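Q: No letters, just coordinates:
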């Protein structure tokens, strides 16, 4: 399924050398914007905007719950500085065209990705689920409940995780964890998103 990529600078979803970039075809019926301003074209089957943590509405505008067109958002999940995974979060709006959703999903799946479709909310699915867990683990470390290695081992051996919450949060960059947690806190007000002390320190050190 043909797609055209419009890109400016580095993409979090498809860094330089990613095989997906090589498939771009000028004039294709699916257009992906990676760092470039949204260009609307109702004649296209689907237009996709790469997102960081922001809502798609930042790019399209909103209309009292009636927003939606052939424009979707997407983000390929990566844990901070880790290589991107094969999971794509595809973002729809309340009245996004079903044909655009189906087309975008089929395009990513044909390229070997797993796709989940979600509503247009800050943090989408994954960050909303994992950021409170990372904050809890970091607070447990502060409280002296257990050493970092022991908590990570418990999660791997007892829960079957491939890696533990602390090693994952640290490897993904605690300063970025602070930013994502803080954005979710501002959007939802839920206490689980209050950035843990160690994340706040990492952010402060990065500023200095």
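A: Great, that's in hand. Just so you know, these numbers come straight off a predicted model, no measurement behind them.
Q: How are the helices of this protein distributed by residue range?
A: Using DSSP state H, the helices of the chain run over residues 57-60, 98-110, 126-143, 148-159, 165-171, 174-188, 197-207.
Q: could I get those helices as TSV with mean pLDDT?
A: Listed next are the helices of the chain as TSV, based on pLDDT from 0 to 100:
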stretch	mean pLDDT
helix 57-60	96
helix 98-110	98
helix 126-143	96
helix 148-159	92
helix 165-171	95
helix 174-188	96
helix 197-207	95
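Q: For the ones you listed, could you give me JSON lines that also reports distance to residue 90 and mean neighbour count?
A: For every residue, glycine as well, the C-beta is placed using N, CA and C. As requested, these are exported to JSON lines (distance: least, C-beta to C-beta, whole Å; neighbours: other C-beta atoms under 10 Å):
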{"stretch": "helix 57-60", "distance to residue 90": "15", "mean neighbour count": "16"}
{"stretch": "helix 98-110", "distance to residue 90": "6", "mean neighbour count": "18"}
{"stretch": "helix 126-143", "distance to residue 90": "13", "mean neighbour count": "18"}
{"stretch": "helix 148-159", "distance to residue 90": "28", "mean neighbour count": "14"}
{"stretch": "helix 165-171", "distance to residue 90": "24", "mean neighbour count": "21"}
{"stretch": "helix 174-188", "distance to residue 90": "19", "mean neighbour count": "19"}
{"stretch": "helix 197-207", "distance to residue 90": "28", "mean neighbour count": "15"}
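Q: closest one to residue 11 among the ones you listed?
A: Nearest to residue 11 among these is helix 98-110 (14.4 Å), distances taken as C-beta to C-beta.
Q: Grab the nearest non-local neighbour of residue 109.
A: Nearest residue to residue 109, sequence neighbours excluded (C-beta to C-beta, 6 or more residues apart in numbering): residue 115, at 5.9 Å.
Q: same question, residue 87
A: Residue 87 sits nearest to residue 77 (C-beta to C-beta, 6+ apart), 4.6 Å away.
Q: Distance check, the one you found against residue 151.
A: Residue 77 sits 23 Å away from residue 151, going by C-beta to C-beta, to the nearest Å.
Q: From residue 153, how far off is the residue lying farthest from the centre of the chain?
A: Going by C-alpha atoms, centre = their mean, the residue of the chain most distant from its centre is residue 144, 31.4 Å out. According to C-beta to C-beta, residue 144 and residue 153 sit 17 Å apart.
Q: likewise residue 41?
A: To residue 153, residue 41 is 52 Å away according to C-beta to C-beta.
Q: circling back to that earlier point, show the pLDDT at the residue farthest from the centre of the chain.
A: You'll see residue 144 listed with a pLDDT of 94.
Q: The one 3 residues further on now?
A: Residue 147 carries a pLDDT value of 94.
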